[in-house]
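> Take a look and give me a structure for this.
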Amino acid sequence: MRVFNCDHCGHLVFFDSVQCMHCGSTLAFVPELLCMAALAPAPQDGPDLWRRMGLRGSADCSGRLYRLCANHAAYDACNFALPAHDFSPLCVSCRQTRVLPDLSEPANLGRWKQIEAAKRQLFYTLARLGLEPAPGRSGPVFEFLADWPGGPPVLTGHHGGTITLNVAEADDGERARRRVALGEPYRTLIGHLRHESGHFYWDQLVRDGHCLEAFRSLFGDERLDYAAALRAHYAKGSDTGDWRPHHVSSYAASHPWEDWAETWAHYLHMVDLLETAASYQTSLSVPDPHAAQHHQVTDPFASPRPAFDNMVRQWVPLTLLLNSLNRSLGQSDAYPFALSPGALRKLRFVHDLLMQTCAG
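Residues are numbered from 1 along each chain as shown. As a prediction, this is how the structure comes out:
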């Protein structure tokens, strides 16, 4: 996630910060402004109200009034703020969660808090892309469920605008077990949410955006029997064929819908990592005895937006650096993928479609 600065003292803070370690100000993320705000209690204006503090050390506290998300006070589970006049006790991210596991179970409480943190990161990226919150367009809703003895297993997926996630995915050991059992190189909470959001936005941007023919020419015909395609994919086990020339992952080769969702998730990986690197003013050179190439990472949300080819030119050396740093610490590659020309064409399709949506 990109870094921020306390807007009261200018000190470095982070997306999940709740207090500035330099000036002591209470911090909250303001979704409609996409910024971290320093807040001061405003009991004179009403119970549980906070007022945005003056900028850069000013004693003025005449800014807009806010409330903290109810999940902050109740569970220490959110750092988003909402306008004082908002009708909901929950912030725009937390109110999207419609079903929770039994939070009286301590393990479920910890899992849910991790998942909500990942969901707020997804919310931020979608908002930066102009997708959420978007006037006149509904966003996804979420159900976070736990398996219970004798009941059917909870399957992570998307259906009709609802994204379901098994909270067991928040357990590192369980997630690693499933990753190995399914032969996956990468499995994370944010990866799940990005993938499933791809199914949601396929409905909105492709199906309802009159882009089906262009989609089918590149990804294939989504009318292919979905259940049969997944059965065939899992029946292959580790023998998944030569998917690399045209897909970002093995699972992407199972069906055009999954190809889109995997490609969408990788595009969100790309813009989030590029934005993070740009916020640190990252500059790197790929060692080459003949002609080393130097790259200054550009914010993918800069105005004007960088071209897709420029993003890819920065993305490849950045992932090489990221993986090399991980290996230096004895960790596996953070981004264990190599994008083929065929996969890049599909990523470009996602990019172009989003740019058209944002322009509209």
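> all helices for the stretch 1-150 of the chain, in order.
Remark: helices assigned in the stretch 1-150 of the chain by DSSP state H, counting those that start in this stretch are 70-75, 106-128.
> residues of the last one that come out buried?
Buried residues in helix 106-128, defined by neighbour count with 16 or more other Cβ atoms under 10 Å: 108-109, 111-128. (Glycine included, C-beta is placed from N, CA and C.)
> Angles on the backbone of Ala292, please.
phi -60, psi 140 (degrees, to the nearest 10).
> Show the pLDDT at it.
Note for Ala292: predicted pLDDT of 71.
> Where does the prediction get shaky in the stretch 151-300 of the chain?
Low-confidence segments of the stretch 151-300 of the chain (pLDDT under 70): 238-241.
> follow-up on the earlier one: including distance to Ser138, could the helices of the stretch 1-150 of the chain go into a markdown table?
Output for the helices of the stretch 1-150 of the chain, formatted as a markdown table (distance: least, Cβ to Cβ, whole Å):
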| stretch | distance to Ser138 |
| --- | --- |
| helix 70-75 | 21 |
| helix 106-128 | 13 |
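> Now render these as TSV, adding mean pLDDT.
TSV is the format used below for the helices of the stretch 1-150 of the chain (pLDDT from 0 to 100):
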stretch	mean pLDDT
helix 70-75	95
helix 106-128	96
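> And the ones you listed: which comes nearest Cys35?
When the helices of the stretch 1-150 of the chain are compared by Cβ to Cβ, helix 106-128 sits nearest Cys35, at 10.8 Å.
> Does anything pack onto the closest one? Which helices or strands?
helix 70-75, strand 141-145, helix 189-201, helix 256-279 (3 or more Cβ pairs under 8 Å, 6 or more residues apart in numbering; DSSP states H and E).
> Next, the angle from it to helix 256-279.
Angle, helix 106-128 to helix 256-279, by axes from the mean of the first three to the mean of the last three Cα atoms, to 10 degrees: 80 degrees.
> how about the CA coordinates for helix 106-128, as PDB?
Extracted in PDB, the C-alpha atoms of helix 106-128 (Å, rounded to 0.1, in the frame of the first residue of the first chain):
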ATOM      1  CA  PRO A 106     -12.100 -15.100  19.200                       C
ATOM      2  CA  ALA A 107     -10.600 -16.900  16.100                       C
ATOM      3  CA  ASN A 108     -13.400 -15.500  13.900                       C
ATOM      4  CA  LEU A 109     -12.900 -12.000  15.200                       C
ATOM      5  CA  GLY A 110      -9.200 -12.000  14.300                       C
ATOM      6  CA  ARG A 111      -9.900 -13.500  10.900                       C
ATOM      7  CA  TRP A 112     -12.700 -10.900  10.100                       C
ATOM      8  CA  LYS A 113     -10.400  -8.000  11.100                       C
ATOM      9  CA  GLN A 114      -7.700  -9.200   8.700                       C
ATOM     10  CA  ILE A 115     -10.300  -9.600   5.900                       C
ATOM     11  CA  GLU A 116     -11.700  -6.200   6.500                       C
ATOM     12  CA  ALA A 117      -8.200  -4.700   6.300                       C
ATOM     13  CA  ALA A 118      -7.700  -6.400   2.900                       C
ATOM     14  CA  LYS A 119     -11.100  -5.200   1.800                       C
ATOM     15  CA  ARG A 120     -10.300  -1.600   2.600                       C
ATOM     16  CA  GLN A 121      -7.200  -1.900   0.500                       C
ATOM     17  CA  LEU A 122      -9.300  -3.200  -2.400                       C
ATOM     18  CA  PHE A 123     -11.800  -0.300  -1.800                       C
ATOM     19  CA  TYR A 124      -8.900   2.200  -2.100                       C
ATOM     20  CA  THR A 125      -7.600   0.800  -5.400                       C
ATOM     21  CA  LEU A 126     -11.100   0.600  -6.900                       C
ATOM     22  CA  ALA A 127     -11.800   4.200  -5.800                       C
ATOM     23  CA  ARG A 128      -8.500   5.400  -7.300                       C
END
